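> Provided below for reference: sequence and predicted model.
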Amino acid sequence: MYSPPQTTAYGWLMLAGILVSITLWSRVARRDERLVLIYIAALAGAFIGAKIVYLGAEGWLHWHDQNRWIELATGKSITGALLGGYAAVEIAKRFLKYPGATGDWFALIVPLSIMLGRVGCILHGCCLGRVCEPSWFTMNDVAGVARWPAALVELLFNALMFGAVLVMRWRKILPGQHFHVYLMAYGTFRFLHEFLRATPDIVGPISGYQIASLGIVALGGFGFWRRRKEQRKWGIFATETQISFRQTVK
């Protein structure tokens with residue numbers, strides 16, 4: 001059994017995730033200066049969404065805690081970040097009149113950033129799983145209680161998705177749809193995995209994060225359908241760059 005050490009590495013790893021995303025996105029932004037503003041919008045939307053979903057899912061439960069201000073200031077949710085970031089990108093693209101698809105790059109950036117964040121969770125001892133019988137796979141919390149390794153499982157899931165997206169890019173599978181596929185996969189995973197996480201239920205056995213997860217699945221499904229419709233219009237095997245060019249010269 002593993003007992004996570006308390007460390008300040010959590011904050012540094014969160015910062016590293018942002019820096020990695022900036023580095024990757026800078027390669028995309030070379031082709032259009034509007035992409036810089038779209039990235040900034042995505043980052044801002046992710047932070048706002050992460051806070052809103054956290055407050056709705058469990059933040060309000062800490063209002064009477066002695067350390068409530070620290071809880072409310074530091075609490076955030078990946079599910080909210082995905083919802084807020086996606087919405088912000090769509091709004092920014094409409095405002096800037098950018099017609100191209102950007103999701104295939106976000107499909108690489110997001111899981112990699114989440115992986116770094118979950119390493120921070122493991123080191124910091126947060127985002128815990130439910131209490132279970134001690135076993136080779138369990139992780140001990142700061143009190144020495146054996147728990148389901150929730151943060152590690154999510155890290156492994158995102159590593160798997162990162163690899164899957166790379167394969168899809170190399171083999172040109174579903175171009176322009178990679179982020180929609182990721183959203184549907186992550187939302188489904190998170191909804192099911194939430195039953196093994198130590199988060200408060202707000203509607204029967206369902207947590208607020210599960211409600212947000214269903215929203216992620218729906219958002220990914222809608223985006224997939226809409227992009228499929230565009231690709232059928234321009235050609236089923238059109239890449240995101242070709243779709244962007246054809247829409248621009250329409």
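Sure thing, it's come through. The model shown is predicted, which means the values in this text are computed figures rather than measured ones. Numbers count the residues shown, from 1 in each chain.

> now residue 21: which helix or strand?
helix 9-29 (DSSP states H and E).

> show me what counts as buried in stretch 53-73.
53, 54, 55, 56, 57, 58, 59, 62, 71, 72 (16 or more other C-beta atoms under 10 Å). C-betas here are computed from N, CA, C, even on glycine.

> residues contacting that stretch from elsewhere in the structure, which ones?
If you take C-beta atoms under 8 Å, 6 or more residues apart in numbering as the criterion, stretch 53-73 is touched by 75-77, 79-80, 83-84, 199-200, 202, 207-209, 211-212.

> pick out the most distant pair among those residues.
84 and 200 (21.1 Å; C-beta to C-beta).

> name the spans of this structure whose pLDDT lies under the cut-off.
For the chain, residues meeting the criterion pLDDT under 70 lie at 1-15, 17, 28-29, 68, 70-74, 235-250.

> so which residues of it form strands?
139-140, 146-147, 201-203, 206-207 (DSSP state E).

> just how off-centre is the lengthiest helix in the chain within its chain?
As assigned by DSSP state H, the longest helix anywhere in the chain is helix 208-234. Relative to its parent chain, helix 208-234 has a centroid offset of 14 Å by C-alpha atoms, centre = their mean, to the nearest Å.

> for that helix, buried residues please.
Taking 16+ other C-beta under 10 Å as the criterion, helix 208-234 shows 208-217, 219-220, 223-224, 227, 230-231 as buried.

> helices and strands around it, which ones?
Packed against helix 208-234 by the contact rule (3 or more C-beta pairs under 8 Å, 6 or more residues apart in numbering; DSSP states H and E) you find helix 34-57, helix 78-96, helix 178-193, strand 201-203, helix 240-248.

> nearest to residue 106, out of the ones you listed?
So among those, helix 178-193 is nearest, using C-beta to C-beta, at 4.8 Å.

> and the closest one, what does it pack against?
Counting contacts by 3+ C-beta pairs under 8 Å, 6+ apart, helix 178-193 packs against helix 78-96, helix 103-124, helix 150-170, helix 208-234.

> just to revisit the earlier point, the longest helix of the chain to helix 178-193, inter-axis angle?
150 degrees (axes from the mean of the first three to the mean of the last three C-alpha atoms, to 10 degrees).

> before we move on, back to that, looking at residue 84 and residue 200, which one has more neighbours?
Remark: of residue 84 and residue 200, residue 84 carries more neighbours, 23 against 11, as counted by other C-beta atoms under 10 Å.

> contacting residues around that one?
By C-beta under 8 Å, 6+ apart, the contact list for residue 84 reads 45, 46, 47, 48, 49, 50, 52, 53.

> ChimeraX command for the buried members of the residues you listed?
To isolate the buried members of the contacts of residue 84 in ChimeraX, using 16+ other C-beta under 10 Å:
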select :45,46,47,48,49,50,52,53
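
> thought residue 101 was touching residue 176?
Yes - at 4.4 Å, residue 101 counts as touching residue 176 under the criterion of C-beta atoms under 8 Å.

> more neighbours: those two, which one.
Between residue 101 and residue 176, residue 101 has the larger neighbour count (other C-beta under 10 Å), namely 27 against 24.

> how about stretch 152-159: buried residues?
Using 16+ other C-beta under 10 Å as the test for burial, stretch 152-159 gives 152, 153, 154, 155, 157, 158.

> scratch that, stretch 190-198 is what I was asking about
Going by neighbour count (16+ other C-beta under 10 Å), the buried part of stretch 190-198 is 190, 191, 193, 194, 197.

> what's the first-to-last distance across that stretch?
13 Å (C-alpha to C-alpha, to the nearest Å).

> and if you look at stretch 164-184?
14 Å.

> and for that stretch, what's in contact with it?
With C-beta under 8 Å, 6+ apart, stretch 164-184 has contacts from 82, 86, 101, 103-104, 106-108, 110-111, 161, 216-217, 219-221, 223-224, 227-228, 230-231, 237-240, 243.
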